[in-house]
Each structure stands twice: as structure tokens, then as C-alpha cells.
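[1] Here is a sequence with its predicted model. Questions after.
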Amino acid sequence: MRVVASILALLVVAWARADDLAARIAAAAPGDTFEVGPGVYTGPVRVERPLRLVGRGRPVIDGRGAHDIVTIAAEHVEIRGFVIRHSGDDLDHESAAVRVLAGHAIVEDNIIEDALFGIDLKAAPDSVIRGNVVGGKALDIARRGDGLRLWRSDRTLVEGNTFRDGRDAILWYSSDVLVRGNVVDRCRYGLHLMYSDRVTLEDNDLTRNSVGVYFMYSNQLTLTNNRLLRNRGPSGYGVGLKESGNYRIEGNLIAGNRVGVYFDGSPFAPGGEALLTGNTIAVNDVGLALLPSVGGNTFTGNSFVDNLEQLAVLGRGNASRNAFALNDRGNFWSDYVGYDQDGDGIGDFEHEPAHLVESLLDREPKAKLLLFSPAEQAIEFVGRALPFTRPDPKFRDPAPLMRPPAVAATKHGRPASLALAAAALAAVGGLIVAGARLGPKESTP
């Protein structure tokens, strides 16, 4: 009897796996909750009526490399709890694991594997993309698709997802979007905005991409409490801004990138906010990089810690059209050599760096070979000994901070060790310099 029972159980499982899942979904009534048990089911699947599609025990929908796997073509469809794998790899057809063509969709708690495009929303406003793990195909990065793509999908929530080994997570013409608590790793652009307004990005981890976040032709943007680490591709920006405006970049940890924050034509138009405050910009090759025409940004309360070059102007000119203090509060600079005799936490002298080597690096990037060499020290010695050889300061911070503000926290609430160590060392160095300059106080008779 046990043998018979085992055979029957195997037959049931085999039937379930071979059953036409698409036909069963098509037969469901609108508004039904359709549960799918463990097994491997063959795609493609198309949902054309309001339906909750719930996987129990992580059932697999296998596209077997044939174009799209799951297509949502009706409003108010929910899909959760599945493994969705093996989309097609045709870039011309933009094969996707989950394609959403209608609004109010919920795509939640799915594992997407070996997908060209992971989750692709087209004209699907008011949707929720939450708690999914999306992995791309083992292709050259130029042949990959986007882990997430929103096109004209306003008011979408993108929360708690992980995207790895794809091209971009991109928003096209999608406004009023909240992107919160996501991880994007080993992609091209971690988060990429094109013509998307009133977007908030908060508490995301963007690591080991070519670019962490790139804002392009977008307005009314908020970037808060994110971690942008080790983005070192050909561009290598932690944050890039191109012809965007009215933005607030606050409380982020931007460390270990080729360039911390890059500005090109941003802010694009006068008026509105262009504020960077409370950020820790540490151990990047370049902390801030600006084109000479960039003006209108305000930097206050940030920590610039041990970047090889704190600020670079990419061309002739300086950064004087930007403000480096607000309400008599500037920024912390680990290379500031002033002191604070009155103990108010603000340096007694402006910070106006004019390093001969940095000026050379702005014009000839290949001169980085000189860094940390005796040649660098010799060049700076000449600059100090012969003041007429020193370049004009690239910027002035009229109220430099003597101590760094709090370091941005990681997702788990602990300070990031690399930036924290750098900030601590810089603070200790600053105290030593200040103490040496002040000397022992005379005792009162």
C-alpha cells in the first residue's frame, strides 16, 4: 500500500507540474485569489483580469528562454511568492521576467533569476514593486537589460528590492515615485532617472556599480540617507546630476567612488533648492567634480574626508558661483589647517585650498601618477616657497567646521567603518593641529 500511495503522489505532482498554468489562470474569476502550490510550471503566463496570484512553497514559473515569462495586462493584479526564471535574451524584443502593462499592480516577494529585463512597467501607475530579488543574465553589461524599468508609471512605490547583475534600475517619465530601502549591486547605473519629477530616493544601498545614482533632466528630487559605495566604472560617480534642478541631497554616505558627486549643468535653471547638507563624502578619488559653468549649489554641514582631491573643476575656472556655507555654517574638510581659538566649532580662517598639484591634476589627469611620491611633495614645496606659482583658490568655505558632523549610518544603523575611521582620524589630526597652534595657555596669576 505504501508503494501504491507513493506512486499516486508522484503522479499527482507530475500532473501539477505539467498542468497548463496559463489556462488555469484564464479560467479564474475576476477578483479571485489563485494559489499555486510547489512545482515547476512552464511559461509564458498572461493575466488579463483582476487577480491575486499567490505562490505557496516557492513554485517556479520557467520561461525556458522564450521571450516574456509573466505579462500583467489588467489593473489590480497581484503576483507574489514565485520563482520566475529563464526569460528570453533578445534585446530587440526586450524580453522580461515580469512585464506590467496596467496600473495598480503589486509585484511582491518574488525571486527572479536569469532574466534579461527583470520587472518592466509600461504605463502602469500606482503600482507597488516590493521585496523582490532580481538577478540578470550572465552577459556582457552592454547586452544586459534593466533590472527595473518604469515608463510613464507615476506614483509607484519601489521598496525593499535587490537588483544584481543587470544594466540599470531606471525611471523614464515617471513622477511622484518613492524608491526606498533597495539594494542595487554590480549593475551599470544603480538608479537612473530620466525626465522624472518629484522623486524621492531614501535608505538605498548602491554599491559596486558604474554609477550609483544619476539624475538627468529631472526636477524636485530628494536623495536622503542612502549609501553610495565603491561605484568605480568608467564614470564612477556616486551621484551624478545632469541638467536637473530643485534637489536636496542630505545625510548620504558617499565613499570609495571614483567621483563622489558630479555636476553638469545642475541646477539647470535659477530658483528652487540645490542643497547638499549633512553628507559624508569620504575616500573618493575626487569628492566633488564640477564643470566650470556650474553655479547655484549650496554646500553646508557636509564632511569631506580624505578624498584624494576634495574638489575638482573640470576645465578652466573655479567653483566660486556656488556657496560653501549657509547661515555661517560651512563644511568639515580633513585638509583644513586652520584653528579655532574661540572654541565655537568654526575655523578662525577661511578654507581656500590652492594646491599646485591639484591644479595640475585638473588639467592633466594622468599626473595622478605623481600622487604620494616625492615629486608631489617637491611641487607643493615650490608652491609654498614661491607664492606667485600657486594657483588661485578653486573655492572658499568662509566658515569651515572643526569637527565632522555625524557619519551617515548603514542600513542596520551602524556607522560605515571605512568612512567612520577616516573621519575619526581626520578629527584627531585637526585637534592635534589646533592644539599645536594654540600652545599652552598662560595661567592666571
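    Arrived safely. Residues are numbered from 1 along each chain as shown.
[2] Please make it C-alpha for all contacts and neighbour counts, starting now.
    Fine.
[3] next structured bit after the helix or strand of the chain with the lowest mean pLDDT?
    The least trusted helix or strand in the chain, going by mean pLDDT, DSSP states H and E, turns out to be helix 2-18, with a mean of 42. Sequence-wise, the next helix or strand downstream of helix 2-18 (DSSP states H and E) is helix 21-26.
[4] Output the contacting helices and strands for that next one.
    Where contact means 3 or more CA pairs under 8 Å, 6 or more residues apart in numbering; DSSP states H and E, helix 21-26 is packed against strand 45-47.
[5] Please name every helix or strand in contact with the strand it packs on.
    helix 21-26, strand 70-72.
[6] Off-centre distance for the last one?
    From the chain centre to the centre of strand 70-72 is a distance of 28 Å (CA atoms, centre = their mean, to the nearest Å).
[7] helices or strands next to that strand in the packing?
    Right, strand 70-72 is packed against strand 45-47, strand 96-100 by 3+ CA pairs under 8 Å, 6+ apart.
[8] Let's see the last one as CSV, backbone CA atoms only.
    This file holds the C-alpha atoms of strand 96-100, laid out as CSV (Å, rounded to 0.1, in the frame of the first residue of the first chain):
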residue,chain,number,x,y,z
ALA,A,96,11.3,40.4,-19.5
ALA,A,97,10.6,38.2,-16.5
VAL,A,98,7.6,40.3,-15.4
ARG,A,99,6.0,42.8,-17.8
VAL,A,100,3.3,45.1,-16.3
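[9] Name the residues that touch that strand?
    Strand 96-100 has contacts (CA atoms under 8 Å, 6 or more residues apart in numbering) with 63, 67-73, 84-88, 112, 115-122, 124.
[10] Keep only those of those residues that are in strands.
    70-72, 84-85, 112, 115, 117-122 (DSSP state E).
[11] Report the distance from the one helix or strand F299 maps to to the chain centre.
    Using DSSP H and E, F299 sits in strand 298-300. Offset of strand 298-300 from its chain centre (CA atoms, centre = their mean): 20 Å.
[12] in it, what counts as buried?
    Applying a neighbour-count criterion of 16 or more other CA atoms under 10 Å, one finds 298-300 buried in strand 298-300.
[13] do stretch 179-197 as well
    179-194, 196-197.
[14] before we move on, what about stretch 130-139?
    130-137.
[15] Check stretch 137-157 too.
    137, 141, 144-157.
[16] Out of the helices and strands packed on strand 70-72, which one sits most buried?
    strand 96-100 (a mean of 28; mean count of other CA atoms under 10 Å).
[17] Would you mind getting the angle between it and strand 117-122?
    Interaxial angle, strand 96-100 versus strand 117-122 (axes from the mean of the first three to the mean of the last three CA atoms, to 10 degrees): 20 degrees.
[18] before we move on, back to that, may I have the strands that pair with the very next helix or strand once past the strand holding F299, each with its orientation?
    Next helix or strand after strand 298-300 toward the C-terminus (DSSP H and E): strand 303-305. If you go by DSSP bridges, strand 303-305 pairs up with strand 280-282 (parallel), strand 332-333 (parallel).
[19] Mean neighbour count, distance to V213 and mean pLDDT added to those, as JSON lines?
    JSON lines is the format used below for the strands paired with strand 303-305 (neighbours: other CA atoms under 10 Å; distance: least, CA to CA, whole Å; pLDDT from 0 to 100):
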{"stretch": "strand 280-282", "mean neighbour count": "30", "distance to V213": "15", "mean pLDDT": "97"}
{"stretch": "strand 332-333", "mean neighbour count": "27", "distance to V213": "24", "mean pLDDT": "96"}
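[20] Now tabulate those in JSON lines and tack on distance to I249.
    Shown next, in JSON lines, are these (distance: least, CA to CA, whole Å):
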{"stretch": "strand 280-282", "distance to I249": "11"}
{"stretch": "strand 332-333", "distance to I249": "17"}
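[21] Dump the C-alpha coordinates for stretch 240-258 into CSV.
    The C-alpha trace of stretch 240-258 is given here as CSV (Å, rounded to 0.1, in the frame of the first residue of the first chain):
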residue,chain,number,x,y,z
GLY,A,240,25.7,62.4,-11.0
LEU,A,241,23.5,65.4,-11.9
LYS,A,242,22.9,66.5,-15.4
GLU,A,243,20.7,69.4,-16.2
SER,A,244,18.5,68.7,-13.2
GLY,A,245,17.2,71.2,-10.6
ASN,A,246,15.4,71.8,-7.3
TYR,A,247,17.1,68.9,-5.4
ARG,A,248,18.0,68.2,-1.9
ILE,A,249,20.8,65.7,-1.2
GLU,A,250,21.0,65.1,2.5
GLY,A,251,22.5,62.6,5.0
ASN,A,252,24.1,60.3,2.5
LEU,A,253,27.3,58.3,2.8
ILE,A,254,29.3,58.6,-0.4
ALA,A,255,32.5,56.8,-0.1
GLY,A,256,35.1,54.9,-2.2
ASN,A,257,33.8,56.1,-5.6
ARG,A,258,35.9,57.5,-8.4
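[22] related to what we said a few turns ago, I'd like to know which of the helices and strands packed on strand 45-47 is closest to A282.
    strand 70-72 (42.8 Å; CA to CA).
[23] name the helices or strands packed onto the next helix or strand after the closest one?
    Heading C-terminal from strand 70-72, the first helix or strand you meet, by DSSP H and E, is strand 77-80. Here strand 77-80 touches strand 51-55, strand 106-108, going by 3+ CA pairs under 8 Å, 6+ apart.
[24] partners of the shortest one, with directions?
    The reference is to strand 106-108. Short version: by DSSP bridges, strand 106-108 pairs with strand 77-80 (parallel), strand 128-130 (parallel).
[25] would you turn those into CSV with distance to R52 and mean pLDDT?
    Output for the strands paired with strand 106-108, formatted as CSV (distance: least, CA to CA, whole Å; pLDDT from 0 to 100):
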stretch, distance to R52, mean pLDDT
strand 77-80, 5, 98
strand 128-130, 14, 98
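[26] mind checking which of these is nearest A323?
    For these, the distance to A323 is smallest for strand 128-130, at 38.4 Å, taking CA to CA.
[27] and for the closest one, what are the contacting residues?
    In contact with strand 128-130 (CA under 8 Å, 6+ apart) are residues 104-109, 156-161.
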